[in-house]
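S.K.: The sequence and its predicted three-dimensional model are supplied below.
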Amino acid sequence: MQKQIKSALISVFYKDNLENIVKKLGEQGVTIYSTGGTQQFIEAQGVKCVAVEDLTAYPSILGGRVKTLHPKVFGGILARRENGQDLEQLKQYEIPEIDLVIVDLYPFEETVKSTTEEQAIIEKIDIGGVSLIRAAGKNFKDVVIVASKDQYAELEQVLNDGKGATTLEQRRSFAAKAFEVCAHYDVAISGYFLNNESSAYFQVSAPQGQVLRYGENPHQQGVFYGDLNEIFDKLHGKELSYNNLVDVDAACQLIAEFNDTTFAVIKHTNVCGIASRATLEEAWTAALAGDKESAFGGVLACNKVVDAATAKAVNEIFFEILIAPGFEPAALEILQTKKNRILLLQKQPVKSKYMYKNVLNGVLVQQNDEGSYVEWKDAGAAPATAAQKSDLEFANIVCKHLKSNAIALVKDRQLVGKGCGQTSRIDALRHAIEKAKQFEFELKGAVMASDAFFPFDDCVRIAYEAGITAVIQPGGSIRDNDSIEYCKQHGMAMVITGMRHFRH
């Protein structure tokens, strides 16, 4: 059912790209009602405009808090055109029908980002705008609602194509988007007031949905909600896929834990190679040596600007993505020789405070796993040496970012073996030792990290027999003493952290 737009209410914060719409409405003979700065903008385009104050016979009051909240405005929006009684009341109270509403909401989120002054933030909680959106959306059978400047281009196209008339399907589509705008706005406000406190409702709203090529597998659809441009500048390569995004997140979370020059290789969210060295090229060489096979097609991440020497070394293998805080021009020239390779310049850290997982028709929410250990308790034959402590700290962080059950073997701040995603801790350790042997690492003097406690002394015994001299683990088993005593009897250092790092 087509409806001709004969009247419109326009009251917006942002006027960008509104000129063509205003002029088109003027050309089509549409009566426009407006307020304050928007009215001045419309008249500056040479288009006639009726002040809302003239319609309501009330001025803008309370410092602009009340402008459009009036029956003569909302009556014109909410009146059902097929309802004779509604139309009679419009006539009785001299209320004009309003067929198009264009509003946007005060920039609440932008204000929260730019200031901590509560009064300034509170004043950016929109009242009239939200009310207008809901009223027009509710009466979509008769009214077009445009609730964001992002929809101006779409409205302009509709006005051109339909010569000022809209279909029911178009009005329903605009209404759906308008209610999305309101929902996101309310979640942002609620989040501000909650200020990290728990809520009675699961509230997450991320704008800018980006349809991906597919999900985890080609037969699954995938969408990313969020703003990648806040975190990265994509300098080269194809579009990021669902699996790419998962691995990029894992890589960013891992590399953020290190201050020394560090390079990491991630595959299917697990770190398969990582090392800290004096130079980035040396860090890359050592990280790659940790598992040359798994590095093929992996996601790479480092915490220093990529120079030409490092780029030349990295360029020798096939990889999907490289994330770095910067690239020297010569390095970019080398790395851009492969068309599909993705190069991401990371501008800021990933700041998510919570982790989400959908289970059983519901959602699990937890805080991010921040920190590495609660305490540093030497419990073995002797306190860890300075060299052992450096490697143990490194191994503990790496282990934190492996899927459980997880074991990380480290020597000279280089991952030399890892076991992850195993159903027993012994299997994880055996897998880690086999990996180290596969790439010809000497485990004598290496250290071991475990993401959870040892219920028996079997893991420390296997580690000792492989040449490992120091262990770090959270403790907490009723049989902690079994492992502690084994370490004391065999000259091994053991550190208990008091912090478990399960990663299911």
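M.R.: Ah, there it is.

S.K.: Would you indicate which residues of stretch 227-239 are buried?
M.R.: Across stretch 227-239, burial judged by 16 or more other CB atoms under 10 Å covers 231-232, 236-237. All C-beta atoms are positioned from the backbone trio N, CA, C, and that covers glycine.

S.K.: ugh, wrong one, I meant stretch 250-262
M.R.: So for stretch 250-262, counting by 16+ other CB under 10 Å, buried means 250-255, 257-258, 261-262.

S.K.: Okay, now the unreliable bits of the protein?
M.R.: 196 (pLDDT under 70).

S.K.: Just give me the residue right at the centre of it.
M.R.: residue 226 (5.1 Å; CA atoms, centre = their mean).

S.K.: and that residue, that's in a helix?
M.R.: No. Applying DSSP: H, G, I helix; E, B strand; the rest coil, one finds residue 226 to be coil, outside a helix.

S.K.: Report the contact partners of it.
M.R.: Residues in contact with residue 226 (CB atoms under 8 Å, 6 or more residues apart in numbering) are 206, 208.

S.K.: And residue 270, by the same measure?
M.R.: So residue 270 contacts 250, 401-403, 418, 420-421 (CB under 8 Å, 6+ apart).

S.K.: Tabulate the residues you listed in a markdown table, adding columns for secondary structure.
M.R.: Formatted as a markdown table, those follow (three-state DSSP):
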| residue | secondary structure |
| --- | --- |
| 250 | helix |
| 401 | coil |
| 402 | coil |
| 403 | coil |
| 418 | strand |
| 420 | coil |
| 421 | coil |
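
S.K.: Among those, name the buried ones.
M.R.: The neighbour-count criterion (16+ other CB under 10 Å) marks 250, 401-403, 418, 420-421 among the contacts of residue 270 as buried.

S.K.: Out of the residues you listed, which is nearest to residue 39?
M.R.: Comparing these against residue 39 with CB to CB places residue 250 closest, at 51.6 Å.

S.K.: thinking that closest one is in contact with residue 266, fair?
M.R.: Yes. Residue 250 is in contact with residue 266 according to CB atoms under 8 Å; the separation is 5.4 Å.

S.K.: what do the two both touch?
M.R.: Common neighbours of residue 250 and residue 266, using CB under 8 Å, 6+ apart, are residue 299.

S.K.: Under a three-state scheme, what state does residue 416 occupy?
M.R.: Criterion first, three-state DSSP; result for residue 416: strand.

S.K.: show me what contacts it?
M.R.: Residues in contact with residue 416 (CB under 8 Å, 6+ apart) are 290, 409-410, 435-436, 439, 441, 443, 446.

S.K.: Find the nearest non-adjacent residue to it, please.
M.R.: residue 441 (4.1 Å; CB to CB, 6 or more residues apart in numbering).

S.K.: Relative to residue 264, how far out is the one you found?
M.R.: Distance, residue 441 to residue 264, using CB to CB, to the nearest Å: 17 Å.

S.K.: Counting by contacts, list what the lengthiest helix in the chain packs against.
M.R.: Taking DSSP state H as the criterion, the chain has its longest helix at helix 168-194. Counting contacts by 3 or more CB pairs under 8 Å, 6 or more residues apart in numbering; DSSP states H and E, helix 168-194 is packed against helix 108-114, helix 128-138, strand 144-146, helix 152-162.

S.K.: Sort out for me which of the buried residues of stretch 227-239 are in strands.
M.R.: Cross-referencing these against strands under DSSP state E gives 232, 236.

S.K.: and which of the buried residues of stretch 227-239 is nearest residue 193?
M.R.: For these, the residue nearest residue 193 by CB to CB is residue 231; the value is 26.2 Å.

S.K.: Contact partners for that closest one?
M.R.: By CB under 8 Å, 6+ apart, the contact set of residue 231 is 252, 346-348, 350.

S.K.: go with 7 Å
M.R.: By CB atoms under 7 Å, 6 or more residues apart in numbering, residue 231 lies in contact with 346-348, 350.

S.K.: quick one: which two of these are the most distant?
M.R.: Counting by CB to CB, the most remote pair of those is 347 and 350, 11.1 Å apart.

S.K.: which one of the contacts of residue 270 is nearest residue 53?
M.R.: Using CB to CB, residue 250 is the member of the contacts of residue 270 that sits closest to residue 53, with 56.3 Å.

S.K.: quick one, what contacts that closest one?
M.R.: 266, 269, 401 are the contacts of residue 250 under CB under 7 Å, 6+ apart.

S.K.: could you measure it against residue 418, distance?
M.R.: Relative to residue 418, and taking CB to CB, residue 250 is found at 14 Å.

S.K.: Look at residue 441 and residue 264 and report which has more neighbours.
M.R.: Taking other CB atoms under 10 Å, residue 441 and residue 264 do not tie; residue 264 has more neighbours (30 against 19).

S.K.: Now that one: closest residue in space, sequence neighbours ignored.
M.R.: residue 274 (4.2 Å).

S.K.: Ok, residue 8 next?
M.R.: residue 100 (3.8 Å).

S.K.: Distance check, the one you found against residue 146.
M.R.: Residue 100 is 7 Å from residue 146, by CB to CB.

S.K.: Contacts only, for the residue lying closest to residue 474 once chain neighbours are set aside.
M.R.: For residue 474, ignoring the flanking residues on the chain, the nearest one in space by CB to CB, 6+ apart is residue 500 at 4.4 Å. If you count contacts by CB under 7 Å, 6+ apart, residue 500 has them with 451-452, 474, 476.

S.K.: One more: residue 336?
M.R.: Neighbouring residues of residue 336 by CB under 7 Å, 6+ apart: residue 236.

S.K.: hmm, 8 Å instead?
M.R.: Taking CB under 8 Å, 6+ apart as the test, what residue 336 contacts is 235-236, 343.

S.K.: Kindly report the same for residue 496.
M.R.: Counting by CB under 8 Å, 6+ apart, residue 496 has contacts 375, 377, 379, 473-475, 480.

S.K.: Could you identify the buried members of these?
M.R.: Applying 16+ other CB under 10 Å to the contacts of residue 496 flags 379, 473-475, 480 as buried.

S.K.: Which of the buried residues of stretch 250-262 fall in strands?
M.R.: residue 262.

S.K.: Out of the buried residues of stretch 250-262, which two sit at the greatest distance?
M.R.: Checking these with CB to CB, the most distant pair is 250 and 261, at 20.2 Å.

S.K.: hmm, back to that, please tabulate the contacts of residue 416 in CSV, including the columns distance to residue 278 and secondary structure.
M.R.: Formatted as CSV, the contacts of residue 416 follow (distance: CB to CB, whole Å; DSSP: H, G, I helix; E, B strand; the rest coil):
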residue, distance to residue 278, secondary structure
290, 18, coil
409, 22, strand
410, 17, strand
435, 25, helix
436, 23, helix
439, 22, coil
441, 20, coil
443, 24, coil
446, 20, coil
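
S.K.: Only the buried subset of the residues you listed, as a ChimeraX command please.
M.R.: The ChimeraX selection below is limited to those of the contacts of residue 416 classed as buried (16+ other CB under 10 Å):
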select :290,409,410,435,436,441,443,446
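
S.K.: Pretty sure residue 166 sits against residue 1.
M.R.: No. Taking contacts as CB under 8 Å, residue 166 lies outside contact range of residue 1: 9.6 Å.

S.K.: who has more neighbours, the two?
M.R.: Neighbour totals were compared for residue 166 and residue 1, and residue 166 leads with 24 against 10 (other CB under 10 Å).

S.K.: which one is residue 330 nearest to, not counting chain neighbours?
M.R.: Per CB to CB, 6+ apart, closest to residue 330 is residue 308, 3.9 Å.
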